[in-house]
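Novice: please work out how this folds:
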Amino acid sequence: MDQTKGRVVPYKVINYAGAFIALLIGSGFATGQELLQYFASWGYWGMAGVALVFVLMAYVGISFVSAGYHQRFENPNDIYKYYCGKWLGTFYDYFSVFFLFLSYTVMVAGAGATFQQHYNLHPYIGSLILMVLAMATVIFGLGRIVDVIGNIGPVIVVMAIVVGIITISMTWQQAQGVSELAREYVASGEVLTASTSWWLAAGSYVGFCMLWLAAFLAQIGKRANSDAEGKLGAFFGAFGFSLATLLMSLAILFNITLVKGSQIPSLLLAGQIHPLLATVFSIIIFAGIYTTSVPLLWTVVARFAKEKTPRFRWLTLALGIVGGFIGVVLDFDVLVNYVYVLNGYVGILLLVIMIARSIQWKRI
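Specialist: A predicted model of the protein is given here:
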């Protein structure tokens, strides 16, 4: 009998929080590209957007994990039917699979862009390395994935926080006027922005993250020793991720003139501190992309095949290669802007439905 059943195991909470962070930290966050588009582009209002993201991310993370623990979904994507009913739930089921597949292509593009900007290598090299690593890890199964990315996630977020703090301390004198400057760069087209307002950008950000998190967190909740253990993991995951987001977004905003037009803004920030740190951070970025690409690809494949079967392995190889090809032929920043933003609005609808369901169930 499992002696930990029904208890809160601290290292498991940390592991789940790490997996939560690692899934979200991906190519858009680690490179700084999505932070530039969703938050820094809105100046200081974008930091209010980060606060809103934390509140909503904690809510959806806790909800998904708890639903997985109590409902024990046979198919992780059944969480959409749990909240949305049969018909709309089926739409979200298939739509999320398509979106997660496109998100995997964004990871591939981000890996290629990182290798090109820092090492001056052809982007195909970085994309190919990521593709092979992602496919190999997915074939190992979910249990191994959570262990691997759960341990890498906290390291990545700590590094991001360190770079953010050092950069802010070095450039805080430039804080005055950067908010207006960011909006000028958006107006001139030198900086892409994610939405038409800071709060809608924050909602869209949570929206696309939800479609990443739903099935994965439902499965984590199913594996948790207790409901409280899973919820604590989700809360601390949302907190750690939001803190890193705030610090890195401020660092990018303070250096908006330097990073505008860059595919990988965070590498430029690290390079300002020390060239060696830029090299170390390029490895951290790649690790962040890897930890996100793996559960994205796993979720897509697991929707159509059972783990550790020949069909699962062959489908992993097929989808991994096709997604990799798409990722190497399209520009990274454009992929982030279109794939994340458009799908974020679909995610906002899911958020509204979840809140409505929570109110309805509390009244029963």
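Novice: Ala202: how many residues sit nearby?
Specialist: Ala202: 28 surrounding residues under other Cβ atoms under 10 Å. The C-beta positions use only the backbone N, C-alpha and C, and glycine is treated the same way.
Novice: tell me who's in contact with it.
Specialist: The contact partners of Ala202, by Cβ atoms under 8 Å, 6 or more residues apart in numbering, come to 38-39, 48-50, 52-53, 56.
Novice: and the two most separated of those residues?
Specialist: Farthest-apart pair in these is Phe39 and Leu56; separation 14.1 Å (Cβ to Cβ).
Novice: tell me the secondary structure at Phe304.
Specialist: Counting by DSSP: H, G, I helix; E, B strand; the rest coil, the backbone at Phe304 sits in coil.
Novice: avg pLDDT for stretch 42-60?
Specialist: Across stretch 42-60, pLDDT averages out at 96.
Novice: stretch 325-336: how far from the chain's middle?
Specialist: 17 Å (Cα atoms, centre = their mean, to the nearest Å).
Novice: quick one, longest helix in this protein?
Specialist: helix 86-119 (DSSP state H).
Novice: just the CA trace of the helix or strand following it, in CSV.
Specialist: Using DSSP states H and E, the helix or strand that follows helix 86-119 towards the C-terminus is helix 123-140. Extracted as CSV, the C-alpha positions of helix 123-140 are listed here (Å, rounded to 0.1, in the frame of the first residue of the first chain):
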residue,chain,number,x,y,z
PRO,A,123,18.6,27.5,-37.9
TYR,A,124,18.0,24.0,-39.2
ILE,A,125,20.7,22.7,-36.8
GLY,A,126,18.9,23.9,-33.7
SER,A,127,15.5,22.8,-35.0
LEU,A,128,16.8,19.3,-35.8
ILE,A,129,18.4,18.8,-32.4
LEU,A,130,15.2,19.8,-30.6
MET,A,131,13.1,17.7,-32.8
VAL,A,132,15.1,14.5,-32.2
LEU,A,133,15.3,15.1,-28.4
ALA,A,134,11.6,15.8,-28.2
MET,A,135,10.6,12.7,-30.1
ALA,A,136,13.0,10.5,-28.1
THR,A,137,11.7,11.8,-24.7
VAL,A,138,8.0,11.5,-25.7
ILE,A,139,8.5,7.8,-26.5
PHE,A,140,9.6,7.3,-22.9
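Novice: what's downstream of helix 123-140, the next helix or strand?
Specialist: Following helix 123-140 in sequence, per DSSP H and E, is helix 142-171.
Novice: okay, strands next: where are they in the protein?
Specialist: Applying DSSP state E to the chain gives no strands.
Novice: mind checking which helix or strand of it has the lowest mean pLDDT?
Specialist: helix 27-31 (a mean of 70; mean pLDDT, DSSP states H and E).
Novice: list the residues that contact the residue lying closest to Glu190 once chain neighbours are set aside.
Specialist: Excluding the flanking residues, the one nearest Glu190 by Cβ to Cβ, 6 or more residues apart in numbering is Lys260, at 4.7 Å. Contact partners of Lys260, counting by Cβ under 8 Å, 6+ apart, are 185, 190-191.
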